[in-house]
Structure formats: C-alpha cells, structure tokens
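Trainee: Next come a sequence and a model predicted from it.
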Amino acid sequence: MVVHRGRWTLEDRARHVVQALPVTVAAGTAALTVELEYPREAGVLDLGCAGPAGFRGWSGGARHHYTVTADWATPGYLPGELEPGEWQVLLGLHRIPPDGLDFAVTATTRTDLPPRPPPVASPPRPDRPPRRAVPDVDGLRWLAGDLHAHTVHSDGVSTVPELAALAAARGLDFLAVTDHNTVSHHPELPATSAAYGIALLPGQEVTTDRGHANVIGPVGWVDFRRPPDEWLATADRDGGLMSINHPLAADCAWRQPLGTRTRLVEVWHSGWWDRTWGAPLAWTRAWRPDVVAVGGSDFHRPGDDALPGAPTTWVLTDGDWSRDGRSRAEHAGDAPGSAVLDGLRAGRTAVSAGPDAPLLLRLGDELLALDADGALLGYPDGTHRVVRGDRCRLPAGDGLHVLESHRMEVIALCG
C-alpha cells in the first residue's frame, strides 16, 4: 500500500493542471485499487491512471476510486495485465480554493483477483418508431443521429446497451458515444450496435478546463494534456473527425488556442435553451465561413439532460444500410460508422430539434423544408423568405441556412 497526502495550491494548478503521483507495481500484481479523498465541498479533483505503457483510464470527477485488473476494470479504465514498473495516479486540479485543498490518495496492490462486480442486465431491443419520410438524394440517404452522449464509462448513468436502447427507441440511426477523456467504452460498441440496430460511433470528448472537443471515429485515446492542434492532427491521421463542443457553454466554453480551426462545430447543443439567443450562430459565422454544423444532446442521465436526438444531427450517407444500422461496406470490414463519417467529412449535414421536428435539408441546388409552414428561411447573405406548405422546395445559397419562427427562434439548420 502507498499513501500520498498533501495540499494542492493554486501555484500547483498554475504549473500543471494534471499532476501525477507515483505507484510502484511489482511483477505478479493482479489488481491495483486507488482511492481518493478530499473535502468535496471545498473543491474538485479529477482522477485517472497511467501505466508504464501509457494511458489506463480516466474518470474525472465522476468517481473517487477505481480498480484495474487483467480481466476487468472500473468503467472508464482499461483492463489488461498490470505491467511491472512505475504507475501514475493522475489528478486533475479542476477547482482549487485560494487556501489550497488537502487530499489523500491510497493505492493498494494485490496478487489475487478481487471480486468482480456483478454484470448489469441489458435491456431488450426496443421497437423502432416508423422511419420519417425523408427523400433520398442521388442514391444517398439521410440518417438521423446524435454526436454527443455519455455512459457509465465517464459521468453518465447508462451502460452502453442502455444508451443504445434509448437512442434506438427514439428512432435514431447512429449515435456517437463520447465519454470524457477515455476510450474504455469502445470495445463494447460493435456488438451493441448489432444487438440494438443502431450504428454506435466510437468517440471521446477531449475535456479540459478551457474547452471540450469531440474526436469521433476509429481513433485511439487522445491525450487531453497535449495542445488541441495535436488532438486534431491525431484525428486527421487516424481517419477520425474533430468538432468543437458547446463553444459558448458557461465554464466549458471554448477558450483554447487552435492553429487550424475545425470545420465541424457543435452549433446546436442541448444547453441552447433559448434559441432566440443568437450568440451560437454569431460565434459560428465568426469561426470560419465553411462551418459544418452539427448538434449534440450531451446526454448523461434521464431528467438531467436532453434525451438522445435532442437535437438531431442528420447526415446524408451511402444509402445501402442493413437492419443492424451498418452499411454494406462496414460488414465488409470498414470501421463502424464509416459512412456517417464520410457524410460529415463532406459537410452533408442538417440539424433539427428532434427526429420528428421541422427539418431543413439540402437537396443539391435546392432546400427542402419539412413540417415548417410559416417559418422564415434565413440565407447566408442575410435575406429571408417565408416557407409555405409542409413540403416546400426553395433555392439554396452557399453556406449556413437557418429556419426561424416569427419570433426569431431557431427551428432548424442546414449547410
């Protein structure tokens, strides 16, 4: 057993937001358990783990203890052999009061396996609601999804199967599972996708005190301690995509330096409660002219956040989809969700308040407004025209289009 005690100060936080405490793991160790104690009413410490070979997990402020073994690990952490050598308990100094924050970290190793937590029963596959009548475009198909959701692998309460069942019951075709600073949920995604008929995209919400970004696709762990330009380079190198999350969201608004601005931006986040507030659109137009607008529910738990698909991101994809929510190419061996990634990369997106809400889609040189009779269509050049009818075709411009109510409330977005 190793015990680290001390007091973190603002000077410590100014030097390094993430601190590392050493733990020696001997050969033959079967399990490592770490417990963190501090006065939680006074501040916030995040928790993580690294082994001699690199990253082994992160739970942020959601947990104050974890166990890693060869066969299983606390959600958020990666199971696997405990290689001998110096391990590190990672502590994020998220909130440190002016007079400092006392802490104690206890790390315990053992040569026998501790009892494995009992498995959580998976919910049955739900009935999917009827698919919305949305037209195909040149053999491509619009799919409905959500690019931001969490599970028990970070600060959510749902298991991966529970999240998949909820999203499928909402009529979504795809969902990016983006737990904070970890990829421990990734191994569960392929089997769960097939079981619940929804394409689950591997993702990570790269989370810092100065902003959050989603990296989505077949990308390994992204080191949140490195500069954001390195996150983007990792995503580009490994065939993924990076988007800026909720750029105006209170204490997690985007304040990071970024040399190359991402095209993908979570313009519509569930925290955009009053959509007459135009700041998200103003920020987006200032970010770069060719923004690809996406949306995310940021679902964590029922009753606390919006449900998956609120808002809904629509992506125009390769239309040959099977009943388990994956394309023919994916059954041939491509990464899950590759068709969705291709559509996002090409900028073929739209965002609505929900799967059945008024919708604005781009069909080549035209726009199709669905269930939006009486709404105002705002063009990129600042002009407007009124939508008449529940299926109204209108000419398209070049850039971001916005459907608004008569009181300037945003109803739908389209590139």
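Mentor: Noted; the coordinates are in hand. Residues are numbered from 1 along each chain as shown.

Trainee: Let me know the secondary structure of residue 167.
Mentor: At residue 167 the chain is in helix, as set by DSSP: H, G, I helix; E, B strand; the rest coil.

Trainee: quick one: it from residue 299, how far?
Mentor: 9 Å (Cβ to Cβ, to the nearest Å). C-beta coordinates here come from the backbone N, C-alpha and C atoms, glycine included.

Trainee: go on, residue 198?
Mentor: Here residue 198 is placed at a distance of 14 Å from residue 299 (Cβ to Cβ).

Trainee: go on, residue 151?
Mentor: Taking Cβ to Cβ as the measure, residue 151 falls 9 Å from residue 299.

Trainee: And residue 409, by the same measure?
Mentor: 23 Å.

Trainee: ok, those two, which is more surrounded?
Mentor: Ranked by neighbour count (other Cβ atoms under 10 Å), residue 409 and residue 299 place residue 299 first, with 26 against 14.

Trainee: quick one, helices of the chain?
Mentor: 10-15, 160-169, 189-196, 228-237, 279-287, 328-331, 338-345 (DSSP state H).

Trainee: okay if I get these as CSV plus mean pLDDT, mean neighbour count and distance to residue 371?
Mentor: As requested, the helices of the chain are exported to CSV (pLDDT from 0 to 100; neighbours: other Cβ atoms under 10 Å; distance: least, Cβ to Cβ, whole Å):
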stretch, mean pLDDT, mean neighbour count, distance to residue 371
helix 10-15, 98, 13, 50
helix 160-169, 98, 24, 21
helix 189-196, 96, 19, 27
helix 228-237, 98, 17, 35
helix 279-287, 96, 16, 22
helix 328-331, 50, 15, 31
helix 338-345, 95, 23, 22
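
Trainee: Adding distance to residue 49, write those helices out as TSV.
Mentor: TSV is the format used below for the helices of the chain (distance: least, Cβ to Cβ, whole Å):
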stretch	distance to residue 49
helix 10-15	20
helix 160-169	21
helix 189-196	22
helix 228-237	20
helix 279-287	35
helix 328-331	32
helix 338-345	29
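
Trainee: Ok, which of those comes nearest residue 392?
Mentor: helix 279-287 (21.9 Å; Cβ to Cβ).

Trainee: Show me how far the closest one is from its chain's centre.
Mentor: Remark: helix 279-287 is offset 21 Å from the chain centroid, using Cα atoms, centre = their mean, to the nearest Å.

Trainee: Then stretch 46-61?
Mentor: 19 Å.

Trainee: could you dump that stretch to PDB, C-alpha only?
Mentor: This file holds the C-alpha atoms of stretch 46-61, laid out as PDB (Å, rounded to 0.1, in the frame of the first residue of the first chain):
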ATOM      1  CA  ASP A  46     -10.300  14.700 -11.200                       C
ATOM      2  CA  LEU A  47      -8.900  11.100 -11.200                       C
ATOM      3  CA  GLY A  48      -7.100   9.000 -13.700                       C
ATOM      4  CA  CYS A  49      -4.400   6.300 -14.300                       C
ATOM      5  CA  ALA A  50      -1.400   5.700 -16.400                       C
ATOM      6  CA  GLY A  51       0.900   2.600 -16.500                       C
ATOM      7  CA  PRO A  52       4.400   2.200 -17.800                       C
ATOM      8  CA  ALA A  53       3.000   1.600 -21.300                       C
ATOM      9  CA  GLY A  54       0.700   4.600 -21.200                       C
ATOM     10  CA  PHE A  55      -2.900   5.500 -20.600                       C
ATOM     11  CA  ARG A  56      -5.000   3.200 -18.500                       C
ATOM     12  CA  GLY A  57      -8.100   5.300 -17.700                       C
ATOM     13  CA  TRP A  58      -9.800   8.400 -16.600                       C
ATOM     14  CA  SER A  59     -13.000   9.100 -14.600                       C
ATOM     15  CA  GLY A  60     -12.600  12.800 -13.900                       C
ATOM     16  CA  GLY A  61     -14.700  14.000 -11.000                       C
END
